[in-house]
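1. structure here, sequence nowhere to be found:
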């Protein structure tokens, strides 16, 4: 009987070198930039907020159907950021417009 | 006989009139131990999977990290159980797994020097279990500036004195950014007679929590546009979302009603 040595070896090496505790997958560059902009949303000039809100909406829609912990986390963060951007847009309007 | 009757009469009068003037609001709750103040019990799926529920000790985590790191960057909702964390999420390196990975903090599953698998469930799944924790609250508290309530620690002073250094960054989740424009502290007029006005440390709250932790979920309003009451705060709304649960409790009046009166 032929022993499948190579596949067994490959499986063994893969098993031993793969960490039991996975490192989280980094978000795509565009999403990373969006999260970076969110981190600075409090200091962003008011006129740049609508554009940020639009970019957030695009990514919120993209992630809506995605499953898994990464998508769950990014959705949470984008929703939180969107809420804050909307809050700023609402509260920084002149009182007469409200 | 007459004296005894008089005493009885006075007692009856006292008992009958006791509720008058003793009117208050809310229900008196038993205060937690200093070491347990801020603990959150999480039982999304533990009991269902024959595991003890998780006790999350806020005191230890807040001695090392800002609130913002966990409640913004790592995605923990402010309400226990609302995040819906699963063990698979943690194993994939998210939520608790962002730090509990065997490098920053102990991992739930690791290996001993001989390469055998070692499970470290008890420090987290600790409800109803006798666990010898690595970090001792009493010893930690003794090294911190004291406070009357909560954990018995003045966390603000502890940070100002450099006794705790709060990290605001977790690799892979946080984003480095320029220093934010910090908001000015606010003076809010108190509604209770003879209570000093409130000085709200907007700056400290923003640095520790981030803006998006509070706005708009907890405070969806422009400052002063909606009056809120102490009753609502005692009931867990507004400031009461954190104060009384993790941050110093609402019975420590002068921490907020702190504007000098003369």
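-> Noted; the coordinates are in hand. All figures in this text were calculated on a predicted structure; none of them were measured in a lab.
2. so residue B:35 touches residue B:140, yeah?
-> No. Counting by CB atoms under 8 Å, residue B:140 is not a contact partner of residue B:35; they are 9.4 Å apart. All C-beta atoms are positioned from the backbone trio N, CA, C, and that covers glycine.
3. ok, then the element right after the one helix or strand residue B:207 maps to?
-> Remark: residue B:207 resides in helix B:202-209, with elements defined by DSSP states H and E. Of the helices and strands lying after helix B:202-209 in sequence (DSSP H and E), the nearest is helix B:211-214.
4. in the next helix or strand after that next one, which residues are buried?
-> Downstream of helix B:211-214, the next assigned helix or strand under DSSP H and E is helix B:230-234. With burial defined by 16 or more other CB atoms under 10 Å in any protein chain shown, the residues of helix B:230-234 counted as buried are B:230, B:233-234.
5. same check on stretch B:237-256?
-> B:238-250, B:252, B:255-256.
6. hey, what's in contact with both of residue B:35 and residue B:140?
-> Shared contacts of residue B:35 and residue B:140 (CB atoms under 8 Å, 6 or more residues apart in numbering or on different chains): residue B:59.
7. ok, back up a step: go back to the buried residues of stretch B:237-256 and keep what's next to chain A.
-> Of the residues in those, proximity to chain A by CB under 8 Å from any CB of the partner chain holds for none.
8. list the contacts of the residue lying closest to residue B:159 once chain neighbours are set aside.
-> Counting by CB to CB, 6 or more residues apart in numbering or on different chains, residue B:166 is the residue found nearest to residue B:159 once chain neighbours are left out, at 6.4 Å. In this structure, residue B:166 makes contact with B:62, B:64-66, B:159, B:208, judged by CB under 8 Å, 6+ apart.
9. the residues you listed in helices, which ones?
-> B:62, B:159, B:208 (DSSP state H).
10. any idea which of those residues has the most stuff around it?
-> Highest neighbour count within the ones in helices among the contacts of residue B:166: residue B:208, with 23 neighbours (other CB atoms under 10 Å in any protein chain shown).
11. these two touch, right, it and residue B:70?
-> No. The criterion here is CB under 8 Å, and residue B:208 misses it with residue B:70 at 11.2 Å.
12. can you give me how far stretch B:228-248 is from the chain middle?
-> 11 Å (CA atoms, centre = their mean, to the nearest Å).
13. quick one: end-to-end length of it, please.
-> Taking CA to CA, to the nearest Å, stretch B:228-248 runs 19 Å from one end to the other.
14. what of stretch B:170-187?
-> Stretch B:170-187 end-to-end distance (CA to CA) = 34 Å.
15. could you give the mean pLDDT of it?
-> For stretch B:170-187, mean pLDDT rounds to 86.
16. not counting its neighbours along the chain, what's nearest residue B:156?
-> Here the residue nearest residue B:156, using CB to CB, 6+ apart, is residue B:204, at 6.7 Å.
17. surely that neighbour and residue B:155 touch.
-> No. Counting by CB under 8 Å, residue B:204 stays clear of residue B:155, with 10.1 Å between them.
18. these two: who's more crowded?
-> For the pair residue B:204 and residue B:155, the greater number of neighbours falls to residue B:155 (21 against 13), based on other CB under 10 Å.
19. how much space separates the more buried one from residue B:163?
-> In this view, residue B:155 and residue B:163 are 10 Å apart by CB to CB, to the nearest Å.
20. and if you look at residue A:92?
-> 38 Å.
21. higher neighbour count, those two?
-> Neighbour totals were compared for residue A:92 and residue B:163, and residue B:163 leads with 16 against 10 (other CB under 10 Å).
22. quick check: the more buried one is in a helix.
-> No. Per DSSP: H, G, I helix; E, B strand; the rest coil, residue B:163 lies outside any helix segment and is coil.
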